[in-house]
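Undergrad: Predicted structure and sequence below. I'll ask about it afterward.
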Amino acid sequence: MSEQVSRRAAVTGLVLLAVPAAAPLPDAPVLPPRARDLWPGPHVVRRGRWSTVVGHDAEGLGELARTADTAGRRVSAVLARPVRPLVVVPADAREAARLARVGGVDGLAAVADGTRVIVVPEAFATLNPVGRDVVLAHELTHVVAGTDGLPVWLYEGFADYVAYRDAGLPVATAAAELAAEVRAGRLPTVLPGPAAFAADGGDPAGLARAYQEAWLACRFLADRFGEGTLVRLYRAARLDGADRALAALGLSVATLTARWRAYVRDQLV
């Protein structure tokens, strides 16, 4: 994706923890367990109104805390759940992969690992302010909403729906790689599955398209049925499965796919 969004290089590279919040953080909060003993040596902490950022040194942490506050408010606006973001900034991509317990973080700028999100400093630094906000909101959505039991197109698309909702970006800008394919006459045929989201660095444009396809599937559902219905569908899908949740809207995967393909064409041609 183009640099002004730089969305995909940041989709999984910070460590962020969210817990329910009823009041601003105190001046000297006790750090959650997963923000302690991250590496040998000192841990520098900077706080926003709701967020805590932990890194090796102070550079950029205050600004990141403000960005995390904004992302947390945006996620709360959709999910109606106040959260306190905790962002961990490791020294480099190798340390980010170690903290996330994954083999590598190629092509990623942030990663949610269940209860937290880990920043990949090299990729995250290439993003402009809009891209950083989008990435943080995306990963924080994973932390707050959960992903267990869901098809990948739904949980990645929903996270992007929340992230892009108030970003102020035209659809064709946020989905630049997919738009190029559609304008060349190559419309996607199926909702993206796990293989499409392989973050091995081998096909960054293809990875970007997978996220964009998933995003537009959830954006279609919100446009057609309303944002509240999309949120309820997501929660129902976690409890009862995506097929049953879609059936409650009179949809099957096949009918959703057909309507989504038409929506993609209408939005990007």
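TA: Alright, I've got the coordinates. Numbering: from 1, shown residues only.
Undergrad: the helices in the stretch 101-250 of the chain, which residues?
TA: With DSSP state H, counting those that start in this stretch as the criterion, the stretch 101-250 of the chain has helices at 121-124, 129-145, 152-164, 171-174, 176-183, 204-225, 227-240, 242-247.
Undergrad: Quick check: which of those is nearest to Pro82?
TA: helix 129-145 (9.7 Å; C-beta to C-beta). C-beta here means a position set from N, CA and C on the backbone, and glycine is covered the same way.
Undergrad: Give me the angle between that closest one and helix 227-240.
TA: Using axes from the mean of the first three to the mean of the last three C-alpha atoms, to 10 degrees, the inter-axis angle of helix 129-145 relative to helix 227-240 is 50 degrees.
Undergrad: Would you mark the buried spots in helix 129-145?
TA: By neighbour count with 16 or more other C-beta atoms under 10 Å, helix 129-145 contains the buried residues 130-145.
Undergrad: Then stretch 76-92?
TA: Buried, per 16+ other C-beta under 10 Å, within stretch 76-92: Ser76, Val78, Leu79, Pro82, Val83, Arg84, Pro85, Leu86, Val87, Val88, Val89, Pro90.
Undergrad: count of neighbours near Leu38?
TA: Applying other C-beta atoms under 10 Å, we find 20 residues neighbouring Leu38.
Undergrad: Tell me which helix or strand comes right after the least confident helix or strand in the chain by mean pLDDT.
TA: Of all helical and strand segments in the chain, the minimum by mean pLDDT, DSSP states H and E falls on strand 15-20, at a mean of 37. Heading C-terminal from strand 15-20, the first helix or strand you meet, by DSSP states H and E, is strand 44-47.
Undergrad: for that next one, packing partners?
TA: strand 52-55, helix 61-79 (3 or more C-beta pairs under 8 Å, 6 or more residues apart in numbering; DSSP states H and E).
Undergrad: sorry, back to before: can you name the two of the buried residues of stretch 76-92 that are farthest apart?
TA: It's Val78 and Pro90 that sit farthest apart of the buried residues of stretch 76-92, by C-beta to C-beta, at 28.4 Å.
Undergrad: out of the buried residues of stretch 76-92, who's nearest Pro192?
TA: Closest to Pro192, out of all of these and judged by C-beta to C-beta, is Val78, at 21.8 Å.
Undergrad: Quick check: the gap between the closest one and Leu150.
TA: Counting by C-beta to C-beta, to the nearest Å, the separation of Val78 from Leu150 is 16 Å.
Undergrad: likewise Ala172?
TA: 27 Å.
Undergrad: Can you name the residues bridging to Ala110?
TA: Val119 (DSSP bridges).
Undergrad: That one contacts Arg116, correct?
TA: No: the pair Ala110 / Arg116 is not scored as a contact, 10.6 Å apart, by C-beta atoms under 8 Å.
Undergrad: Cool, thanks, signing off.
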